[in-house]
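Asks: can't give you the sequence, but here's the structure:
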């Protein structure tokens, strides 16, 4: 009986590692994350220049991510819905930047976009 339980635990652990490996290999997610980090973290410190100059990249990477082949375990309606919202919100942020909206409005938008990104990450890792 103990051996059966051990085998089940090992199978579950291997499945979790395989799921994490697939997530780690979702290059479009990693590419979006790279731009998000490069724009959000400076914004946290009050530097909005990166988001002002790279908002278009957020749109491009969001669109590429949305159109990408989803790893099997993430091919779920709730993840797709959140990713569609991320794409829409990335476009809205870019539009704000191009229209010269206030720094406060841009800051709020990048913070909200960061929250949306983490919502997707949570759904992918749980």
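Replies: Great, that's in hand. Everything numeric in this text was worked out from a predicted model, so none of it was measured. Numbering: from 1, shown residues only.

Asks: Please report phi then psi for residue 76.
Replies: When quoted as degrees, to the nearest 10, the phi and psi of residue 76 stand at phi -130, psi 150.

Asks: And it, how close does it get to residue 50?
Replies: Going from residue 76 to residue 50 by C-beta to C-beta, to the nearest Å gives 32 Å. Glycine gets a C-beta too; all of them are placed from N, C-alpha and C.

Asks: before we move on, what about residue 28?
Replies: Counting by C-beta to C-beta - residue 28 and residue 50 are separated by 20 Å.

Asks: which of residue 76 and residue 50 has more neighbours?
Replies: Neighbours were counted for residue 76 and for residue 50 using other C-beta atoms under 10 Å; residue 50 has more, 18 against 13.

Asks: thought the more buried one was touching residue 37?
Replies: No. Counting by C-beta atoms under 8 Å, residue 50 stays clear of residue 37, with 9.8 Å between them.

Asks: Which neighbours do those two have in common?
Replies: Counting by C-beta atoms under 8 Å, 6 or more residues apart in numbering, residue 50 and residue 37 have no contacts in common.

Asks: Check whether residue 101 sits in a helix, strand or coil.
Replies: coil (DSSP: H, G, I helix; E, B strand; the rest coil).

Asks: which phi and psi does it have?
Replies: phi -60, psi 160.

Asks: What residues of the helix or strand where residue 50 lies count as buried?
Replies: Using DSSP states H and E, residue 50 maps to helix 49-67. By neighbour count on 16 or more other C-beta atoms under 10 Å, the buried set for helix 49-67 is 50, 51, 52, 54, 55, 57, 58, 59, 61, 62, 65, 66.
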